[in-house]
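> give me the fold of what follows.
(3 chains)
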Amino acid sequence: MSRTYAYDPTAPASIEAYAKRLVGHCLRDMLAEEDRTVYQAGSGKGNLGDIVERSYFKINPGNVSAPDFVEAGVELKTTPIKRVGKRLRAKERLVLQMIDYDVVYGENWENSSFRSKNELLLLMFYLWEEGRASLDYVFKIARLWSFPEEDLEIIRDDWEKIVGKVRAGRAHEISEGDTLYLAACTKSSSGADRRCQPFSDELAKPRAFALKASYMNSVIDRSLSLETAVAPEELKTGRTFEEVVHERFKPFIGTTPEEIAERLGVDAARNAKSFYALITKRILGVREDKKIAEFEKADIIVRTIRLKLNGVPKEAISFKAFSYLDIVTQTWEESDLREDLTRRFFFVIYQLDGQGQARLSRTQFWTPPIEDVESHGQRCFEQTVQMIKEDRAEYLPKASENKVCHVRPHGRNSRDMLPTPGGGRVVRKSFWLNQRYMAQQLATIEDS
DNA sequence: GCATGATCATGC
DNA sequence: GCATGATCATGC
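All right, here's what the predicted structure looks like:
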């Protein structure tokens, strides 16, 4: 007998979309009458996590080593946050899994049950409030979470450290302070509860793998600062993410930024340097104080370009300033410049008329052609490094010397300087994409 | 009119 | 307080 779900239990995206329906609501709003009365009567006393699993998602997870949504490989975690001043903080650490001292010592990281069970989490954060019934806690964040590569490196080290103590017969000496993100927290019903460990006669406290509250705070920050522009349903129609994004801008083509601001209710000063960025966010349906989730996740650089009558951008495109001391230690292959030039860009392009009035012209995704990057980009980088090493940081490659990019000041003012390897100080600078080059690129990809 | 140098406004 | 993305100013 297959039961019917309000979501597709084999598809993480569908599970997440269903989970997000709970955001802004409490369980009392969402559950059928019979479910509510069960929990009010106390018979299903269980914590909020149990109620979410059984009554909201209608799953009945029992297997401790498999994820809750077995087919989708998704592990559901319901966890409280609290208000601290204006911010939302984790109320507690997030317990992921009991540590079985007799099993874990024989595992390695790659095939550990920790990894297989926690590969993809569905995090449901609710706002805990003093004195409220748990059915009335309001959910704030619902999202899939897989550990970013850089976090996973540290979590692996943490895991190794904890398992290392078990292997050394020192499970009784484990401390949460041993590790950075992943901790082995004590977990017992009674304080006197003790377990055997495989390589020592000493009894150890029962412990569980848990993400520290500080790590959960970073997850909360990363979740709240992002807002999705394109809903999963919009991609079901066979359109690509990029097509959907272009579509959003279409109704505004030919109109001025002032008109767009008016129509979308953007109340920002026209002279604000973030004016165009705000318009872009509003067109994509993202609030001002949020970042555009898809662009952040895909590392896409969003920039506004204003084209002069002759089709050349009014301004060059800057990257962030570099450190003279740091850049001379980089090789081209692993340089920040190469990384920047191999990223994808999303341009919102306005055309300026004879009076200097801008009108939205089109939007364009763009990645610098790799042959340009590996030739002109590399030459610009290597000349820059060479000249800095020769203590000539004042004379870095100019736009007239390179087809693709150049180096130019990029600081607060001419007194904003950074140390050079030669012991001097030179005005802070960065790489910039040449206006001419961008004009040529935008012209050739115009109708793609 | 463009290349280069200088600086601003904002958000974190 | 400062870095970043954006923009202004100037000199040829």
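> what's the closest non-adjacent residue to A:S112?
Ranked by Cβ to Cβ, 6 or more residues apart in numbering and with sequence neighbours excluded, the top spatial neighbour of A:S112 is A:W159, at 7.0 Å. C-betas here are computed from N, CA, C, even on glycine.
> likewise A:M438?
The shortest distance from A:M438 to any residue other than its chain neighbours is 5.1 Å, reached at A:P313 (Cβ to Cβ, 6+ apart).
> quick one: contacts for that neighbour?
Shown here is A:P313, whose contacts under the criterion Cβ atoms under 8 Å, 6 or more residues apart in numbering are A:I305, A:R306, A:L307, A:Q435, A:M438, A:A439, A:L442.
> run through the bridge partners of the third one.
So that's A:L307. Residues found in beta-bridge contact with A:L307 (criterion: DSSP bridges) are A:P313, A:Q351.
> run a quick neighbour tally on the nearest residue to A:T367 once chain neighbours are set aside.
In space, and not counting its chain neighbours, A:T367 is closest to A:R344: 5.0 Å by Cβ to Cβ, 6+ apart. If you count neighbours by other Cβ atoms under 10 Å, A:R344 ends up with 14.
> please apply the same query to A:P67.
The local packing count at A:P67 equals 20, with neighbours defined by other Cβ under 10 Å.
> distance of it from DNA strand C?
Relative to DNA strand C, A:P67 is positioned 37 Å away (criterion: Cβ to the nearest atom of the strand, to the nearest Å).
> how many residues are close by the closest residue to that residue other than its chain neighbours?
Counting by Cβ to Cβ, 6+ apart, A:P67 lies nearest to A:E75, which is 4.2 Å off, once chain neighbours are set aside. Around A:E75 sit 21 other residues, with neighbours defined as other Cβ under 10 Å.
> for the helix or strand harbouring A:E75, buried residues please.
Taking DSSP states H and E as the criterion, the element that holds A:E75 is strand A:75-84. Of the residues in strand A:75-84, those buried under the neighbour-count criterion (16 or more other Cβ atoms under 10 Å) are A:E75, A:L76, A:K77, A:T78, A:T79, A:P80, A:I81.
> now do the same end-to-end measure for stretch A:176-196.
Taking Cα to Cα, to the nearest Å, stretch A:176-196 runs 19 Å from one end to the other.
> quick one: contacts of it?
By Cβ under 8 Å, 6+ apart, the residues outside stretch A:176-196 that reach it are A:93, A:95, A:98-99, A:101-102, A:151, A:154-155, A:157-159, A:161-162, A:165, A:171, A:174, A:203-212, A:215.
> the residue nearest to A:P67 contacts A:S116, correct?
No: judged on Cβ atoms under 8 Å, A:E75 makes no contact with A:S116 at a distance of 9.7 Å.
> can you tell me the SS state at the residue nearest to A:S112?
State at A:W159, reduced to three classes by DSSP: H, G, I helix; E, B strand; the rest coil: helix.
> dump the residue contacts of it.
For A:W159, the contacting residues are A:W109, A:S112, A:F114, A:L182, A:F209, taking Cβ under 8 Å, 6+ apart as the criterion.
> in helices only, show me the residues you listed.
Where the contacts of A:W159 overlap with helices, as defined by DSSP state H, the overlap consists of A:F114.
> common neighbours of A:E75 and A:S116, please.
Joint contacts of A:E75 and A:S116 (Cβ under 8 Å, 6+ apart) are A:P67.
> find the residue closest to A:L182 in space, skipping its chain neighbours.
When the adjacent residues along the chain are set aside, A:L182 lies closest to A:D158, with 3.8 Å between them (Cβ to Cβ, 6+ apart).
> same question for A:W128.
In space, A:W128 comes closest to A:P80 once its chain neighbours are excluded; the distance is 3.9 Å by Cβ to Cβ, 6+ apart.
> point out the residues in chain A that sit beside DNA strand B.
By the criterion of Cβ under 7 Å from any atom of the strand, the positions of chain A lying close to DNA strand B are A:225, A:268-269, A:271-274, A:288-289, A:291, A:308, A:310, A:312, A:316, A:398-401, A:406, A:408-416, A:427, A:435-436.
> out of these, which sit inside helices?
Among the residues of chain A next to DNA strand B, the ones falling in helices (DSSP H) are A:Q435, A:R436.
> now the buried members of the residues of chain A next to DNA strand B.
Among the residues of chain A next to DNA strand B, the ones that count as buried by 16+ other Cβ under 10 Å are A:K291, A:V312, A:A316, A:A399, A:H406, A:R408, A:H410, A:V427, A:Q435.
> please name the residues that touch the third one.
Yep, that's A:A316 we're talking about. A:A316 makes contact with A:A399, A:H406, A:R408, A:W432, A:L433, A:N434, A:Q435, A:M438, according to Cβ under 8 Å, 6+ apart.
> let's go with 6 Å and repeat that
Applying Cβ atoms under 6 Å, 6 or more residues apart in numbering to A:A316 gives the contacts A:W432, A:L433, A:Q435.
> how many neighbours does A:G177 have?
Counted with other Cβ under 10 Å, the burial measure for A:G177 works out to 7 neighbours.
> what do you get for A:D267?
One way to gauge burial is a neighbour count; for A:D267, by other Cβ under 10 Å, it gives 9.
> host element of the closest residue to it other than its chain neighbours?
By the measure of Cβ to Cβ, 6+ apart, the closest residue to A:D267 outside its immediate chain neighbours is A:A261, 7.9 Å from it. Element membership for A:A261, per DSSP H and E: helix A:257-264.
> so after that helix, what's the next helix or strand?
Later in the chain than helix A:257-264, the nearest helix or strand by DSSP H and E is helix A:275-283.
> what angle separates that following helix from helix A:257-264?
Helix A:275-283 and helix A:257-264 meet at an angle of 30 degrees, taking axes from the mean of the first three to the mean of the last three Cα atoms, to 10 degrees as the criterion.
> quick check: A:T256 vs A:R263, distance?
Counting by Cβ to Cβ, to the nearest Å, the gap between A:T256 and A:R263 amounts to 11 Å.
> cool, and A:G106?
The spacing between A:G106 and A:R263, counted by Cβ to Cβ, is 63 Å.
> got it, and A:P232?
Distance check for A:P232 against A:R263: by Cβ to Cβ, it reads 27 Å.
> phi and psi next, for A:R239.
The main-chain torsion angles of A:R239 are listed as degrees, to the nearest 10 and equal phi -80, psi 150.
> tally up the residues packed near it, please.
Using other Cβ under 10 Å, the number of residues around A:R239 comes to 14.
> can you check the pLDDT for it?
A:R239 is assigned a predicted lDDT (pLDDT) of 88.
> distance of it relative to DNA strand C?
Between A:R239 and DNA strand C the computed distance is 26 Å (Cβ to the nearest atom of the strand).
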